[in-house]
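Asker: following is a predicted model, sequence given first.
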Amino acid sequence: MNKKFLTLTTAVVLSLSLLSGCGKKEEEVTTEAKDYTVNLSDNSMIEDTSDILMSKDGKVLSDLNGEWVDPEIAKQRYVAVMINNIIDAMPQSGVEQADVIYEMLEEGGITRLMAIFQADYTGISKIGPIRSARHYYDRKALEYDAIFGHWGQSIYAGHEFEVLKDLDQLDFNGKDGAYGFRASDRVAPHNAYSSGENIMKAIEADGFDKEKDPSYKKMFNFNIEPKELENGSAANKITTAYNEGRKPWFEFDSESGLYKRFQYGEPQIDAETGNQLAFENVIVQFAPHKPITNDQVGCIDIEYVGKGEGYYATGGKIIPIKWEKKASKKHVDFSITDGLLDNGAKKGKCSDYGVTQFYTEDGEPLKLNPGKTWVTVFPDDNKEGIIIE
């Protein structure tokens, strides 16, 4: 696609005359410069940022964290790693350096995390404890075109790995066992780890593409600079009470301007740094959770395709939001098939299975503030479990 390069220089106000299409009148847009470069597709309107690339001092805006990164880093695929999240696995390692973390339910009412890392993760010496995959995590990783790391898997995730040909996955308890290790200070299964360097070696050994697929579509939009939520309600504490035994929460720290994470009655910290996990953005996504028919251990399915509601919090304020995911290709509905009835290979671009998009209540694309993001995927029939104080 041909791009138009528009450079905005500090303290200069530039009037742009953009043709909105054949037969339509010119629209004049005045934009105050912010010292970055805007690359517009031939038919883009300045108000539509979905096809705008921005650069500053030779760097471009990351679509994972909204920060300025080297262009070569921006091209690289992300890595998503399953993280053990029960009390026996605390404290975890390497999670502070993740740019996005997902929390979702598993069987038994516990939760597991998926940490997503920008491509400069190779310096992380210890990541984990790594735990087994569930199919709704690998589907979320596919939305990011991320390489998906795990230590074993459920039968449904295993079936997904066999038929979903465009999902690249690393199994540190199987084919990629040479790149995982067990720590001596914990008992199995809470002592399984890898490192950024080992993950890169595993990717190279498996021959996975390191750059994003040409069909890659970003999930998040970011403000260039932090902005306060308009019409937001106060949210100094956000509790995500999945059930009686699982009630993690976030507290807004006005000094840092971040939401700090707590669980099991204490701060959630990174064992390697000793720092408490903290996030610029907290998203709650309500989604249907369904039991898998005839499953003997209580495995569940989470439906991502469709529409739903949620919350977005930043800067001590919160607003209701909406989400939508459209897909041209369908995954197996494990809730009714047990994942064992469809053995045909599923081929398609990563984006064919859909990418979640977030919106404000009035239908405008949601813009996050630059920084780290926590996403809680929460049962849509338990909305009262989200407690905002």
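Answerer: Yes, it's here.

Asker: alpha carbons only for contacts and neighbour counts from here, please
Answerer: Will do.

Asker: what mean pLDDT does the biggest helix by length in the chain have?
Answerer: With secondary structure taken from DSSP state H, the chain has its longest helix at helix 196-206. In this model, helix 196-206 carries a mean pLDDT of 97.

Asker: who's in contact with whichever helix or strand comes after it?
Answerer: Next in sequence after helix 196-206, counting helices and strands by DSSP states H and E, comes strand 221-222. Surrounding strand 221-222, the residues in contact under the criterion Cα atoms under 8 Å, 6 or more residues apart in numbering are 50, 63, 65, 66, 365, 366, 367, 368, 369, 370.

Asker: my read is that the second one contacts residue 218, right?
Answerer: Yes: Residue 63 is in contact with residue 218 according to Cα atoms under 8 Å; the separation is 6.2 Å.

Asker: and the longest helix of the chain, C-alpha only, in PDB?
Answerer: In PDB, the C-alpha atoms belonging to helix 196-206 read as follows (Å, rounded to 0.1, in the frame of the first residue of the first chain):
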ATOM      1  CA  GLY A 196      14.000 -15.100  26.900                       C
ATOM      2  CA  GLU A 197      17.200 -16.400  25.300                       C
ATOM      3  CA  ASN A 198      15.900 -20.000  25.400                       C
ATOM      4  CA  ILE A 199      12.600 -19.000  23.900                       C
ATOM      5  CA  MET A 200      14.400 -17.400  21.000                       C
ATOM      6  CA  LYS A 201      16.500 -20.500  20.500                       C
ATOM      7  CA  ALA A 202      13.300 -22.600  20.500                       C
ATOM      8  CA  ILE A 203      11.700 -20.400  17.900                       C
ATOM      9  CA  GLU A 204      14.800 -20.700  15.700                       C
ATOM     10  CA  ALA A 205      14.900 -24.500  16.200                       C
ATOM     11  CA  ASP A 206      11.300 -24.800  15.200                       C
END
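
Asker: what packs against it?
Answerer: Counting by 3 or more Cα pairs under 8 Å, 6 or more residues apart in numbering; DSSP states H and E, no packing neighbours are recorded for helix 196-206 among the helices and strands.

Asker: neighbouring contacts of that helix?
Answerer: Contact partners of helix 196-206, identified using Cα under 8 Å, 6+ apart, comprise 121, 122, 123, 124, 125, 126, 127, 170, 176, 179, 180, 210.

Asker: going through those, which ones are buried?
Answerer: For those, a neighbour count by 16 or more other Cα atoms under 10 Å gives the buried set as 121, 124, 126, 127, 170, 176, 179, 180, 210.

Asker: spit out the contact partners of the first one.
Answerer: Translated: residue 121. So residue 121 contacts 97, 196, 197 (Cα under 8 Å, 6+ apart).

Asker: kindly report the same for the fourth one.
Answerer: Neighbour list for residue 127: 92, 93, 94, 95, 193, 194, 195, 196 [criterion: Cα under 8 Å, 6+ apart].

Asker: now with 10 Å, please.
Answerer: Residue 127 makes contact with 81-83, 92-98, 115, 121, 180, 192-196, 199, 270-272 under the criterion Cα atoms under 10 Å, 6 or more residues apart in numbering.

Asker: what of the third one?
Answerer: Residue 126 sits next to 92-95, 180-181, 183, 192-198, 271-272 when contact means Cα under 10 Å, 6+ apart.

Asker: so how many other residues sit close to the nearest residue to it once chain neighbours are set aside?
Answerer: Distances taken as Cα to Cα, 6 or more residues apart in numbering place residue 195 nearest to residue 126, at 4.6 Å, with adjacent residues excluded. Around residue 195 there are 21 other residues, counting by other Cα atoms under 10 Å.

Asker: isn't residue 195 right next to residue 179, touching?
Answerer: Yes: in this structure residue 195 lies within contact range of residue 179 using Cα atoms under 10 Å: 8.1 Å.

Asker: could I get stretch 57-69 in PDB with only the CA atoms?
Answerer: Below are the C-alpha coordinates for stretch 57-69, written out as PDB (Å, rounded to 0.1, in the frame of the first residue of the first chain):
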ATOM      1  CA  ASP A  57      13.300  10.200  16.300                       C
ATOM      2  CA  GLY A  58      13.500   7.100  14.100                       C
ATOM      3  CA  LYS A  59      11.100   5.100  16.300                       C
ATOM      4  CA  VAL A  60       7.500   3.900  15.800                       C
ATOM      5  CA  LEU A  61       4.600   3.500  18.000                       C
ATOM      6  CA  SER A  62       4.200   0.000  19.400                       C
ATOM      7  CA  ASP A  63       0.700  -1.400  19.100                       C
ATOM      8  CA  LEU A  64       1.200  -3.500  22.200                       C
ATOM      9  CA  ASN A  65       2.100  -0.900  24.700                       C
ATOM     10  CA  GLY A  66       1.900   2.500  23.000                       C
ATOM     11  CA  GLU A  67       5.600   3.200  23.600                       C
ATOM     12  CA  TRP A  68       8.100   4.300  21.000                       C
ATOM     13  CA  VAL A  69      10.200   1.400  19.800                       C
END
